[in-house]
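Enquirer: Dropping a prediction and its sequence here:
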Amino acid sequence: MRDKTQTNSAAPGDRLIRAGAIVFFLGAVATLVTVAPLFLGAKPFPTYMFGLSMLMAVGFLVAGAGVLRSIAAGRRQARGASASR
């Protein structure tokens, strides 16, 4: 049963996916905070604050890179298993 993945083991892309999710949610909060004054009729934040909204895109890309890394590791593992048969 050594070929089975342990429940507490981390796949190669797991940390990137978690980091991407955290950055994405920080960007989502920044977007809500930045856009809220526009709906509330308050004075809007300076333009550079809208740059924080780009954290959503950065987080999405980091998580996507983690998914691709995980897929690549799974393919390498599958090739290694098929070659050893």
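Expert: Thanks, I have it. Numbering: from 1, shown residues only.

Enquirer: Please name every helix or strand in contact with the helix or strand containing V35.
Expert: When elements are assigned from DSSP states H and E, V35 belongs to helix 14-40. Helix 14-40 is packed against helix 55-83, with contacts defined by 3 or more C-beta pairs under 8 Å, 6 or more residues apart in numbering; DSSP states H and E. Quick note: C-beta positions are derived from backbone N, CA and C, even for glycine.

Enquirer: What are the buried residues along the helix it packs on?
Expert: L55, M56, G59, V62, A63, G66, R69, S70 (16 or more other C-beta atoms under 10 Å).

Enquirer: so that helix versus helix 14-40, what angle?
Expert: Between helix 55-83 and helix 14-40, the angle comes out at 160 degrees (axes from the mean of the first three to the mean of the last three C-alpha atoms, to 10 degrees).

Enquirer: Run the chain-centre distance for helix 55-83.
Expert: Centroid separation for helix 55-83 versus its chain: 12 Å, with C-alpha atoms, centre = their mean, to the nearest Å.

Enquirer: Mind giving me the packing neighbours of it?
Expert: By 3+ C-beta pairs under 8 Å, 6+ apart, helix 55-83 packs against helix 14-40.

Enquirer: Need the nearest residue in space to A42, chain neighbours excluded.
Expert: Excluding its sequence neighbours, the residue lying closest to A42 (C-beta to C-beta, 6 or more residues apart in numbering) is A36, at 7.9 Å.

Enquirer: Tell me how far the one you found lies from G27.
Expert: 15 Å (C-beta to C-beta, to the nearest Å).

Enquirer: which one of those two has more residues nearby?
Expert: With neighbours defined as other C-beta atoms under 10 Å, A36 and G27 compare such that G27 has more, 19 against 12.

Enquirer: In this structure, what helix or strand scores lowest on average pLDDT?
Expert: helix 55-83 (a mean of 89; mean pLDDT, DSSP states H and E).

Enquirer: before we move on, back to that, let me know the average pLDDT across the helix holding V35.
Expert: Helix 14-40 comes out with an average pLDDT of 91.

Enquirer: In three-state terms, label the closest residue to A72 other than its chain neighbours for me.
Expert: Nearest non-adjacent residue to A72, counting by C-beta to C-beta, 6+ apart: P12, 7.8 Å away. Three-state call for P12 (DSSP: H, G, I helix; E, B strand; the rest coil): coil.

Enquirer: Cool, thanks, talk later.
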